[in-house]
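Undergrad: Got a predicted structure here, sequence first:
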Amino acid sequence: INEAWVNFACSLKRLGTVVILKKLDNEAIRRFQKLVVGRKLSRIMVHEEACRGGITKMLKTVFCQDQFEHLRITNSEPWKGTAVRQLLHFWAENSRDKLRGKHFSLNGNCRKGVAQLEEFLISRASASLDRILNVEICSKEECDFIDKYYRHRMMICLKPSCVYKFEEGEGDQRRRLYISFECAKKGERRSGRYVPVNHRGCNAIKSMRDTSLLHILFA
């Protein structure tokens, strides 16, 4: 990331998806910070290897900005970082309004990232609940609601799961995570028609670690 590119990006009224493939050094992070402060970022795609160090702090900042919509973490190798865990705990530590309506997805080799999600869900579970991972399947009415207000139908799959909901808190502090993922196996991903995630999807929470695409909506 050089100074000229950052200045050009800041001059634009609207940016498309910003892609970060390599870990940024301190100087590049300083330059990137200008885009964060200028509230220019609405979508970021970052490789898992790059999603470490100072960039994670900036991702938390941009997640709280009104114009930001979607963070996508991609990976083809086993995970080494803890970005998923950090972002989930950041969500849990702040008021629900800060991250409400933000989309977060994992693409590629999702296994270790999904494991961090599972660990988070288990750690937040009530001792009185025995549901696996403390999630519920959303009804058609709730799926319609999140589609209308949070554009959840932007998530498309060949063989979508149903939509799972995790919630905690009371009253005005009630917060929710909506989780969905691709259920198609590797051999099934070569053909077929992509459809939006919906209430009629597969109930396959136990195979979530095998997915190539996982989506989380903060609400």
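TA: It's in.
Undergrad: mind listing what's buried in the helix-or-strand element of the chain with minimal mean pLDDT?
TA: Comparing helices and strands within the chain by mean pLDDT, DSSP states H and E singles out helix 96-99 as the least confident, with a mean of 86. For helix 96-99, burial by neighbour count (16 or more other C-beta atoms under 10 Å) applies to Arg96, Leu99. C-beta coordinates here come from the backbone N, C-alpha and C atoms, glycine included.
Undergrad: Show me what it is packed against.
TA: In terms of contact count using 3 or more C-beta pairs under 8 Å, 6 or more residues apart in numbering; DSSP states H and E, helix 96-99 is assigned no packing partners among helices or strands.
Undergrad: Could you list the buried residues of the top helix by length along the chain?
TA: The longest helix of the chain (DSSP state H) is helix 111-124. Of the residues in helix 111-124, those buried by neighbour count under the rule 16+ other C-beta under 10 Å are Lys112, Gly113, Val114, Gln116, Leu117, Glu118, Phe120, Leu121, Arg124.
Undergrad: need the residues you listed in a markdown table with distance to Lys40 and pLDDT, can you?
TA: What follows is the buried residues of helix 111-124, written out as a markdown table (distance: C-beta to C-beta, whole Å; pLDDT from 0 to 100):
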| residue | distance to Lys40 | pLDDT |
| --- | --- | --- |
| Lys112 | 31 | 94 |
| Gly113 | 27 | 95 |
| Val114 | 31 | 96 |
| Gln116 | 29 | 96 |
| Leu117 | 29 | 96 |
| Glu118 | 34 | 94 |
| Phe120 | 30 | 94 |
| Leu121 | 33 | 92 |
| Arg124 | 33 | 84 |
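Undergrad: and of those residues, the nearest to Arg14?
TA: Proximity of the buried residues of helix 111-124 to Arg14, judged by C-beta to C-beta, is greatest for Gly113, which lies at 29.2 Å.
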